[in-house]
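>>> With the sequence up front, the predicted model follows.
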Amino acid sequence: MEYKEDIVEAKERMSAWWDHEIIDRPVISYYYPKKRGKAYGYLDIFGEDWSLAKNHDEIEVPLNGFEKRAENTYFGGESIPYYFPNYGPGIVAAVFGVKPQFKTGTVWFNYPIKPENIVDHLEGVKINQNNEWYSRLLKITEYAAKRAGKNYVISITDIGGVLDILSSFLGPTNIILTMKRNPEIIDTCRSIILEKLLRVYDALQNLVDKYCDGCNCHLGVWGRKRWYAIQCDFSAMLNPKWFKKFVLPDIISQAEYMEYAIYHLDGPNALPYLDCLLNEPSITGIQWVPGAGNARMGSKDWIPLYTKIQNAGKNLVIDSSPNNVSHLYKSLDPKGLYVRTFYRSEYIAKQYLPKFIGGREGGLIVEAANWLKKQGMTKITKKLFDDFLLDKNLEIEKKNQRDLLKEIGNSFTKSWFD
């Protein structure tokens, strides 16, 4: 089934985006349910299905679920439908022998090995059909890619970062101690993991290339050429000096191996490494994830950081709340800017989207909120809403009034550009 009618034009714009170019308008990615009453959002469509993490070989169930949701989803702008085989973050650790455990809503990897034994273990891992998890990833990816065909793309599963995989065996404390006492062990482990990780990536992407059009990963950004979201969550435990010694070389190797690369900068503890990443020409762009307790992605609080990233010539990937989208395109350079959001309905999408794609940039909602404030009101009621429509001589279909009423109410309870 064809899930997106304008997919050819969307892919052309995305190809230009990777090269920091604009064809006819900036790229933007947005979604909304075609049918009213659907409660799922972006993560429900693409990222939070843990079926495979629970039942490793049962691919039919999650694919059926994805296709049903995709059929009922409008893929707007440069949103390219994709299915992400979710085995948990860093499933290549399983290829190296860890038994993944699904609990507390995610997958955990833990297989304690002493530092003096880790090199022998990693070297002994064979990347072939006799490797249970390597064989499984190939089988699942090929089945999904063959079924998807040209209707949607299959993302490479989350293969993980080099030190993140190593941490599954040594644990954070032993890694830090070994970095101090026997750094050559860490260097050897990194080399082994990186070489085999890239072999796994190649094998999986080759299968996707055989049946689908394009490349994707858990980040959900379509590319015609090969790319991957590079990350190292473990780096949050390191000082800048050790980041440059034990992390940055692998990031550069991965980025240079791909045709494009986005770095997934996760959490405030990763910010000290931003300058190193911005100075690296092989990194195409940055996705900044602020982490819990901080202003959300897309917030006005991060505009200076986003501007710094853009001034270094890097692309930006931002997931934003609906009301912030137009503000981001006005505040930042639209070249290389990729903003993604999810709307509750087609009507609300049209109210919030930027003008360059036919939206009203939140104008009606702001107008209504300002009108109510002039009346001395601090919250919206159905009676006040009806008075506003009458005063402005607006006729809005009843099916859309509830959505609009809710959005006006939201504008009273939070900062417009949060």
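Yes, it's here.
>>> What ranges does the stretch 201-350 of the chain have for its helices?
240-246, 248-257, 274-278, 303-311, 325-331, 346-352 (DSSP state H, counting those that start in this stretch).
>>> Please apply the same query to the stretch 51-200 of the chain.
51-54, 60-71, 92-95, 115-124, 132-148, 162-181, 183-211.
>>> now could you export just the CA positions of the third one as CSV?
So the one you mean is helix 92-95. Extracted in CSV, the C-alpha atoms of helix 92-95 (Å, rounded to 0.1, in the frame of the first residue of the first chain):
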residue,chain,number,x,y,z
VAL,A,92,25.0,-5.3,18.8
ALA,A,93,26.0,-6.1,22.4
ALA,A,94,23.9,-9.3,21.9
VAL,A,95,25.9,-10.1,18.8
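>>> For that helix, name the packing helices and strands.
On a contact count with 3 or more Cβ pairs under 8 Å, 6 or more residues apart in numbering; DSSP states H and E, helix 92-95 meets helix 132-148, helix 162-181, helix 183-211. C-beta coordinates here come from the backbone N, C-alpha and C atoms, glycine included.
>>> Which of those sits closest to Gly105?
Of all the helices and strands packed on helix 92-95, it is helix 162-181 that lies closest to Gly105, at 18.4 Å by Cβ to Cβ.
>>> Residues in contact with the closest one: which ones?
Identification of contacts with helix 162-181 by Cβ atoms under 8 Å, 6 or more residues apart in numbering yields 89-90, 92-93, 96, 98, 109-115, 118, 121, 185-186, 189-190, 193-194, 197, 231-235, 237, 242, 246-247, 250.
>>> so how far is it from its chain's centroid?
Taking Cα atoms, centre = their mean, to the nearest Å, one finds helix 162-181 lying 26 Å from the centre of the chain it belongs to.
>>> Tell me the buried residues in it?
Neighbour-count burial for helix 162-181, counted by 16 or more other Cβ atoms under 10 Å, picks out 162-170, 174-176, 178-179.
>>> Redo the helices of the stretch 201-350 of the chain as CSV? Include distance to Pro33.
What follows is the helices of the stretch 201-350 of the chain, written out as CSV (distance: least, Cβ to Cβ, whole Å):
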stretch, distance to Pro33
helix 240-246, 42
helix 248-257, 36
helix 274-278, 36
helix 303-311, 29
helix 325-331, 18
helix 346-352, 9
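>>> how about those, which one is nearest Gly285?
helix 303-311 (7.9 Å).
>>> Please identify the buried residues of that closest one?
So, applying 16+ other Cβ under 10 Å, buried residues of helix 303-311: Leu305, Tyr306, Ile309, Gln310.
>>> wait, which of these is closest to Tyr352?
Tyr306 (19.3 Å).
>>> Give me the pLDDT for the closest one.
For Tyr306, the pLDDT comes out at 98.
>>> what sits against it?
Residues in contact with Tyr306 (Cβ under 8 Å, 6+ apart) are Trp288, Leu316, Ile318, Leu328, Ser331, Leu332.
>>> Same question for Cys189.
The contact partners of Cys189, by Cβ under 8 Å, 6+ apart, come to Ile118, Val119, Leu122, Leu166.
>>> could I get the residues you listed as TSV with pLDDT and distance to Met258?
Below are these laid out as TSV (pLDDT from 0 to 100; distance: Cβ to Cβ, whole Å):
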residue	pLDDT	distance to Met258
Ile118	98	27
Val119	98	27
Leu122	98	23
Leu166	98	21
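>>> Pick out the most distant pair among the residues you listed.
Among these, the pair separated by the greatest distance (Cβ to Cβ) is Val119 and Leu166, at 10.8 Å.
>>> Can you report phi and psi for the residue most central in space within the chain?
A centroid search over the chain (Cα atoms, centre = their mean) returns Leu219, at 2.9 Å, as the residue closest to the centre. Backbone torsions for Leu219, taken as degrees, to the nearest 10, come to phi -70, psi -20.
>>> Excluding residues flanking it in the chain, which one is nearest it?
Spatial nearest neighbour of Leu219, excluding adjacent residues (Cβ to Cβ, 6 or more residues apart in numbering): Ala229 at 4.2 Å.
>>> one step back: which of the helices of the stretch 51-200 of the chain has the highest mean neighbour count?
Per residue and on average, the most neighbours among these fall to helix 92-95, with a mean of 26 (mean count of other Cβ atoms under 10 Å).
>>> which residues touch Ser345?
If you count contacts by Cβ under 8 Å, 6+ apart, Ser345 has them with Tyr32, Pro33, Arg36, Asn400, Asp403.
>>> Please report the distance of the last one from Ile309.
Okay, so that is Asp403. Between Asp403 and Ile309 the computed distance is 34 Å (Cβ to Cβ, to the nearest Å).
>>> quick one, what contacts the nearest residue to Val317 once chain neighbours are set aside?
Leaving aside its sequence neighbours, Val317 sits nearest to Gln287 (Cβ to Cβ, 6+ apart; 4.1 Å). Gln287 makes contact with Leu219, Ala229, Ile262, Tyr263, His264, Leu265, Leu316, Val317, Ile318 under the criterion Cβ under 8 Å, 6+ apart.
>>> count of neighbours near the last one?
In other words, Ile318. Ile318 has 22 neighbours, counted by other Cβ atoms under 10 Å.
>>> which residues does it contact?
Residues in contact with Ile318, defined by Cβ under 8 Å, 6+ apart, are Gln287, Trp288, Met297, Gly298, Tyr306, Leu328, Leu337, Tyr338, Val339, Arg340.
>>> For Pro322, state which of the residues you listed is nearest.
Of all these, Pro322 sits closest to Gly298, with 9.6 Å by Cβ to Cβ.
>>> Touching, that closest one and Leu328? I think so.
Yes. Counting by Cβ atoms under 8 Å, Gly298 touches Leu328, with 6.0 Å between them.
>>> can you list residues touching both of these two?
Ile318, Ser320, Val339.
>>> Of those, which one scores lowest on pLDDT?
Among those, pLDDT bottoms out at Ser320, giving 94.
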